[in-house]
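Engineer: Requesting a structural model of the entry that follows:
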Amino acid sequence: MPYLTMDALNADNLRLFNWRQQALRDILVKPELHWPFLRPCVVRLLIVADGLDFSAQDFGLSTFVQTLLDMPGRHARFNITLGHINNASATQMMDGEPRIARRITRLRFDDAAHFAPGMYDAVLLFGIVVNFAGRGNNAAGQPYPADRLADMELRRLTEFMNAGGGLFATGDHGALGRALCHAIPRARGMRLWASTAPQNDLDQVSMGGQRRNDTNRTGPSAGSQFDDQSDDVPQSIQPKIYSRRSGFFRAIYPHPLLCGPNGIIRVMPDHPHEGECVEPSDTAQNLNLGGAALGAEYPPGAGGAPRPLPEVISWNNVLAGTTSSGKAATIAQSFGGICAYDGHRAGVGRVVTDATWHHFVNVNLVGEDGLPSSNPKSMGFLASAAGQAHFEEIKAYFRNIAVWLSPPDRIACMNARLSWGLVWSDRVLEAVLSTTQIKLAETQPHVLRLIGTHARDVLGRTAGQCQSLRIMLDLVLVRALPDLIPHIDPWWPEPERVQGQDDTPWLDLNPLLDISFGAALVALREAFPEPSEKLGEQLEPKRIEAVMAEGGKIGLERGLKSAATAMATTRGLLRVG
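Structural biologist: Below you'll find the predicted structure:
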């Protein structure tokens, strides 16, 4: 055995100490390296353009794509395929970004190598072309239509949506984007894809008329300038507000698409002539595409629930007198900025449309090319601290689109990862307790409420302020107490008041929800007391759902029992007088 000096022993001890410190840092910063079940869920996106591109130029989508690639948190990562209808160049396809999974030029939705069942979770379409040119012939030698996608392409996209896949579609003013998007079921009626009148001043989506959707806000330069779209001043939007009564108060929420880590998202990039989102006037169509009957365009609600229909979830405002460098002075008005369809409630995919892709392209986000660096409009929202704060809100909307459009199984996976993260990464039990060696059966309701309150706060600062309620609804109440959903879910049609019934709102459900959520997390920790590699990379979300649903139900029952005891005590106190 070799003779070891004290220096050698000290060096070995130092290396061991450093290794342990690094391991501890990794556990805190990258716990997924040690516990595979904390690895993010993968959501596969196909993002398609037909005249825009994915470059860093003004009309490129590189900032939007990078926002998705830089998704914060550990619950989701986006595997992105970029598609282009034309033969785009390497630069136009973000060839310098190694995180892009695949790039497809001359994309065809009826080509199984480009698009097939199970290949993607959501498809995002950014259309600018009014008429396609040079698409050539399909595999059967038939020419592709010039003014829309082919019947078989529409069939494949509809089958994808009917199987749970999400779809996003946008264009710009007038008919821009019509060729790519206007014939796609559901999306076709959720947005205007053509001018509404031949007279410029009457056209709702004109480029220069007084009725145009000009959302530009005055920036650092005097007067109303076209390039105000590239400064650090956004437009303010009016989100649709949903609510549910909670005791003698009403809790309010935006649509989940507009629910960010800092609360309600109330800003968007501005632009001198946007398109317009609408609610479809005809919702009774049955679909027959490519020789196949594909069912109702808007199916009935699953399990006898109300039929979901598209709804405008935000409005953009046009100020009076905006000229944007010489256009006709605008008339004050408002118009639909985002429309959303929750197809999950009918067993099909979700759909989102946006008034314009100018909410997503570089020139409206990070400034206009060619301007001197001294001009704030060369930097967009990056030009000031206030602008950067607005930009964070807008980026939260971008990420919300990709998450909300994900199929139910991907959302279940994300919810499971978020729950695991609360227990093993955010350590919410350790944050509020002196020990984690607790049993649900022995934990008092006030302790469960403390855990639930802290967990919802942590979720709100990472995944958005609505996410804790969605997890409660999706993981716990759907399985444990489905009859309670209409009374708690603000995005569900509110139950009608029963005539003659006393509905004085004595009971505030929020503490009960916190108790239930806390109980669900304690049950999860109790079911899996130690992280282990044996749990595998794909820990079954259904197992997590079952554990949390049972724990949440126990928490609700215990909370109701505690509330009943408190009411009895109050009655006793009142009788004392």
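Engineer: Relative to Ala88, how far out is the closest residue to Arg470 other than its chain neighbours?
Structural biologist: If the residues on either side of it in the chain are set aside, Arg470 comes closest to Pro256, at 6.7 Å by CB to CB, 6 or more residues apart in numbering. (Glycine included, C-beta is placed from N, CA and C.) Counting by CB to CB, to the nearest Å, the gap from Pro256 to Ala88 is 33 Å.
Engineer: What segments of the stretch 401-550 of the chain are helices?
Structural biologist: 408-420, 428-432, 445-462, 467-471, 478-480, 485-488, 509-527, 541-576 (DSSP state H, counting those that start in this stretch).
Engineer: rewinding a little: so for the residue nearest to Arg470, what's the pLDDT?
Structural biologist: Note on Pro256: pLDDT of 95.
Engineer: got the contact list for it?
Structural biologist: When contacts are counted by CB atoms under 8 Å, 6 or more residues apart in numbering, Pro256 is found next to Asn400, Trp404, Gly464, Cys466, Arg470, Trp491.
Engineer: What does it show for phi and psi?
Structural biologist: phi -50, psi -30 (degrees, to the nearest 10).
Engineer: ditto for Val312
Structural biologist: The phi/psi pair for Val312 (degrees, to the nearest 10) is phi -70, psi 120.
Engineer: Not counting sequence-adjacent ones, nearest residue to it?
Structural biologist: Gly336 (4.0 Å).
Engineer: In three-state terms, label the one you found for me.
Structural biologist: strand (DSSP: H, G, I helix; E, B strand; the rest coil).
Engineer: List the residues that contact it.
Structural biologist: Going by CB under 8 Å, 6+ apart, Gly336 touches Glu276, Cys277, Val278, Glu279, Val312, Ser314, Trp315, Asn316, Ala355.
Engineer: could those be laid out in CSV, adding distance to Gly326?
Structural biologist: Converted to CSV, the contacts of Gly336 look like this (distance: CB to CB, whole Å):
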residue, distance to Gly326
Glu276, 23
Cys277, 27
Val278, 29
Glu279, 34
Val312, 31
Ser314, 29
Trp315, 27
Asn316, 22
Ala355, 23
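Engineer: Type out the ChimeraX command that picks the buried ones from the residues you listed.
Structural biologist: In ChimeraX syntax, the buried subset of these is picked out as below (16 or more other CB atoms under 10 Å):
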select :276,277,278,312,314,315,316,355
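Engineer: what's the closest of the contacts of Gly336 to Pro72?
Structural biologist: Ser314 (23.0 Å; CB to CB).
Engineer: ok, what's across the strand from the closest one?
Structural biologist: Pro239, Ile338 (DSSP bridges).
Engineer: wait, isn't Val423 in contact with Ala527?
Structural biologist: No - contact criterion CB atoms under 8 Å: Val423 and Ala527 do not qualify, at 10.4 Å.
Engineer: Those two - which one has more neighbours?
Structural biologist: Of the pair Val423 and Ala527, Val423 is the one with more neighbours under other CB atoms under 10 Å, namely 20 against 15.
Engineer: Report the contact partners of that one.
Structural biologist: Leu429, Leu521, Leu524, Arg525.
Engineer: Return the closest of these with respect to Pro272.
Structural biologist: For these, the nearest to Pro272 is Leu521 (49.1 Å; CB to CB).
Engineer: Can you tell me the number of residues neighbouring the closest one?
Structural biologist: Around Leu521 there are 26 residues (other CB under 10 Å).
Engineer: Touching, it and Leu418? I think so.
Structural biologist: No - using CB under 8 Å as the test, Leu521 is too far from Leu418 to be in contact (10.8 Å).
Engineer: for the spatially most central residue of the chain, helix, strand, or coil?
Structural biologist: Nearest residue to the geometric centre of the chain (CA atoms, centre = their mean): Asn400, 1.8 Å. Secondary structure assignment for Asn400 (three-state DSSP): helix.
Engineer: That one and Cys259 touch, don't they?
Structural biologist: Yes - the criterion here is CB under 8 Å, and Asn400 meets it with Cys259 at 7.1 Å.
Engineer: Find residues that contact each of those two.
Structural biologist: What both Asn400 and Cys259 touch, as defined by CB under 8 Å, 6+ apart, is the set Gly464.
Engineer: so Phe168 touches Ser406, yeah?
Structural biologist: No - contact status for Phe168 versus Ser406: not in contact, 11.6 Å apart, counting by CB under 8 Å.
Engineer: if I look at those two, which residues touch both of them?
Structural biologist: Common neighbours of Phe168 and Ser406 (CB under 8 Å, 6+ apart) are Ala122.
Engineer: For burial, what's the neighbour tally of Pro280?
Structural biologist: Using other CB under 10 Å, Pro280 has 19 neighbouring residues.
Engineer: What distance do you get for it to Leu258?
Structural biologist: 21 Å.
Engineer: tell me which element Asp111 is part of?
Structural biologist: Element membership of Asp111, judged by DSSP states H and E, is empty: it is in no helix or strand.
Engineer: er, Asn317 actually
Structural biologist: Per DSSP H and E: strand 311-318 holds Asn317.
Engineer: What would that strand look like as PDB? C-alpha coordinates only.
Structural biologist: Coordinates of each C-alpha in strand 311-318 appear next as PDB, following Å, rounded to 0.1, in the frame of the first residue of the first chain:
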ATOM      1  CA  GLU A 311     -65.200  32.800 -28.100                       C
ATOM      2  CA  VAL A 312     -63.300  36.100 -28.500                       C
ATOM      3  CA  ILE A 313     -61.200  36.300 -25.400                       C
ATOM      4  CA  SER A 314     -59.700  39.700 -25.800                       C
ATOM      5  CA  TRP A 315     -60.400  43.000 -27.600                       C
ATOM      6  CA  ASN A 316     -58.000  45.400 -29.100                       C
ATOM      7  CA  ASN A 317     -58.800  49.200 -29.100                       C
ATOM      8  CA  VAL A 318     -58.300  51.700 -31.900                       C
END
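Engineer: So what's the gap between it and the chain middle?
Structural biologist: Offset of strand 311-318 from its chain centre (CA atoms, centre = their mean, to the nearest Å): 17 Å.
Engineer: What is that strand packed up against?
Structural biologist: If contacts are counted by 3 or more CB pairs under 8 Å, 6 or more residues apart in numbering; DSSP states H and E, strand 311-318 sits against strand 235-239, strand 333-341.
Engineer: who touches it?
Structural biologist: So strand 311-318 is contacted by 212-215, 235-240, 254-255, 257-258, 268, 274, 277-279, 330-341, 355 (CB under 8 Å, 6+ apart).
Engineer: hmm, which of those are the buried ones?
Structural biologist: 212-215, 235, 237, 239, 254-255, 257-258, 268, 274, 277-278, 330-331, 333, 335-341, 355.
Engineer: pLDDT of stretch 405-425, averaged?
Structural biologist: On average, stretch 405-425 scores 90.
Engineer: same deal with stretch 527-547?
Structural biologist: 70.
Engineer: do the same with stretch 261-268
Structural biologist: According to the model, stretch 261-268 has a mean pLDDT of 95.
Engineer: So what touches that stretch?
Structural biologist: Contacts for stretch 261-268 (CB under 8 Å, 6+ apart): 215, 234-239, 254, 258-259, 316, 337, 359, 390, 392-394, 396-397, 460-465.
Engineer: at 6 Å what do you get?
Structural biologist: For stretch 261-268, contacts defined as CB atoms under 6 Å, 6 or more residues apart in numbering pick out 234-237, 239, 254, 258, 359, 390, 393, 397, 461, 464-465.
Engineer: Okay then, goodbye and thanks.
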